[in-house]
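> Could you look at this predicted model? Sequence included:
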Amino acid sequence: METREVPHIEDPLLFASRPWPIAWQRRGDMLVGAGGDVLRIEVDGPDRLARIAESWRRVMESAEVDDAVALPGTGLVAFGAFAFDESSASPSTLVVPSTIIGRRGGRSWITRVRGAADADWAPDPVADEYGAHWSATLGPGRMDPEAHGDAVRQALAAIEAGEVGKVVVARDITGTVPAGADLRRLVRALASGYPDTWTFSVEGIIGASPETLVTVHGGDVTARVLAGTRPRGADADEDTAIIAELAVNPKDVDEHEYAVRSVVDALRPHTSALAAAEAPFTLKLPNLWHLATDVEGTLTNGSSALDMVRALHPTAAVAGTPTAAALALIRRIEPFDRGRYAGPVGWIDGNGDGEWAIALRCAQFGTPGAPAAPGDGDDARHRDPDGTRAVTAHAGGGIVAGSVPEAELLETRVKFRPIVDALN
């Protein structure tokens with residue numbers, strides 16, 4: 001493969017596929033996949049993350065890389081979207097497009113990739129103007145508000161019985177988008193409305209996540225933990241009062257401490273000089289306040305970003321604690337397969353560096369004319385485009401002792417807002 005710097009590209013997203021975009025963006029930096037797949041790694045079941053990390057390690061060892069730019073995201077890059085649960089019907093997928101358009105720090109580049117059997121590079125990518133505006137039709141999913149309240153009460157009973165200390169309960173909304181909808185418009189809307197989040201589109205899941213799972217670069221590893229949530233206030237005075245209450249509320253502080261502890265415990269065996277702030281800060285988003293803690297360390301064992309994804313997922317912020325018991329409880333009380341919701345999404349390069357977020361504030365798109373069943377969207381490019389295309393979105397919250405079902409329902413409504421507003 002080869003990477004070459006090119007004149008400034010104003011909107012790399014124009015080179016992505018309308019029905020099946022591959023994109024990763026934050027604060028104007030962007031990676032976009034174009035053309036067909038040169039490599040596709042797809043696994044499921046137990047140890048899926050270990051197997052996908054080992055498969056990528058073999059790719060890195062055999063790849064011939066000519067990178068004249070040498071920035072994060074140049075050279076060989078694969079985009080990934082992984083299932084939340086090893087029992088999911090959705091596969092965990094890593095894909096290398098034939099062409100990658102990148103932009104970072106005012107510089108632009110194009111990476112071209114070809115397989116060992118390919119005689120020629122893929123044709124130069126061609127910009128495709130955005131299609132017509134569209135909107136989704138949305139309604140209650142398998143867990144409506146009443147069912148969500150019942151699920152939260154089941155979670156509280158499990159906590160009281162000592163089964164778990166914390167568990168994350170999600171609910172869903174479902175709907176359709178028009179056949180031929182240009183999904184790049186959704187990516188663009190999310191990136192514009194939420195520039196400080198990780199805006200992603202990989203394997204049919206599109207969203208704007210505020211939560212970094214892990215970033216690895218040059219031997220350094222960082223993670224950002226979010227747990228504890230409030231909606232934004234109507235004005236500055238109300239925001240100030242909300243921040244003050246959030247920082248001392250026992251339920252939110254306990255929930256956040258569970259999440260930070262799970263990340264620190266997962267990173268410690270792989271790092272030296274691991275550091276996390278003693279107290280969280282409040283992270284401001286257009287619609288929410290979050291309690292947030294940044295964790296930083298130095299890798300000691302040559303681990304790749306995928307190794308760190310394996311070590312960290314699932315965090316207490318999206319599953320609960322103890323992890324195994326929380327996952328078992330989620331399977332018992334949620335009436336759906338989460339698919340890739342709350343799973344890792346991001347990219348990794350030929351050095352093992354990369355950026356990975358947790359797939360939150362997102363929607364999963366299915367095959368046109370078929371239900372958005374987990375895993376169904378993976379071959380949407382090869383189906384008849386007639387009919388509508390199904391979409392499912394999820395939002396959840398951490399349940400600990402003292403959680404109130406009505407408040408948890410309100411939290412999910414606020415968390416749905418970014419993706420629902422963008423879909424509409």
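Happy to help now that I have it. Numbers count the residues shown, from 1 in each chain.

> check contacts around residue 4.
With contact taken as C-beta atoms under 8 Å, 6 or more residues apart in numbering, residue 4 is in contact with 68-69, 109-110. Any C-beta I mention is one placed from the backbone N, CA and C, and that applies to glycine too.

> Of those, just say which sits nearest to residue 14.
Nearest to residue 14, judged by C-beta to C-beta, of those is residue 110 at 13.4 Å.

> Please report the distance of residue 411 from residue 403.
Relative to residue 403, residue 411 is positioned 10 Å away (criterion: C-beta to C-beta, to the nearest Å).

> which residues do the two both contact?
Both residue 411 and residue 403 are in contact with residue 397, where contact means C-beta under 8 Å, 6+ apart.

> Just the buried subset of the contacts of residue 4, written out for ChimeraX, thanks.
Selecting only the buried members of the contacts of residue 4 in ChimeraX, with burial defined as 16 or more other C-beta atoms under 10 Å, works like this:
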select :69,109,110
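
> For the protein, which segments are assigned as helices?
Shown for the chain, the helices assigned by DSSP state H span residues 48-62, 145-160, 184-193, 236-248, 250-267, 305-312, 323-333, 405-423.

> which strands and helices sit next to the third one?
With contacts defined as 3 or more C-beta pairs under 8 Å, 6 or more residues apart in numbering; DSSP states H and E, helix 184-193 has these neighbours: strand 22-26, strand 198-202, strand 205-209, helix 405-423.

> Apart from its neighbours in sequence, what residue is nearest residue 165?
Computed as C-beta to C-beta, 6 or more residues apart in numbering, the closest residue to residue 165 that is not its neighbour in sequence is residue 321, at 5.1 Å.

> wouldn't the one you found be in contact with residue 164 here?
Yes. With contact defined as C-beta atoms under 8 Å, residue 321 and residue 164 form a contacting pair (6.7 Å).

> if we take the contacts of residue 4, which one ends up nearest to residue 353?
Comparing these against residue 353 with C-beta to C-beta places residue 69 closest, at 14.2 Å.

> what's the spacing between that closest one and residue 104?
Noted for residue 69: a distance of 9 Å to residue 104, by C-beta to C-beta.

> same question, residue 311
Plainly put, residue 311 is 26 Å away from residue 104 if you go by C-beta to C-beta.

> low-scoring stretches of the stretch 251-400 of the chain, by residue?
367-386 (pLDDT under 70).

> rerun at 90
In the predicted model of the stretch 251-400 of the chain, residues 251-259, 261-262, 272-273, 275-279, 283-290, 300-303, 316-317, 366-388 satisfy pLDDT under 90.

> just the strands in it please.
Assigned by DSSP state E, counting those that start in this stretch, the strands in the stretch 251-400 of the chain fall at 271-276, 281-284, 288-299, 320-321, 344-349, 354-358, 362-368, 389-399.

> residues touching residue 177, list them.
The neighbours of residue 177, taking C-beta under 8 Å, 6+ apart as the test, are 134-137, 183, 365, 388-389, 391, 423.
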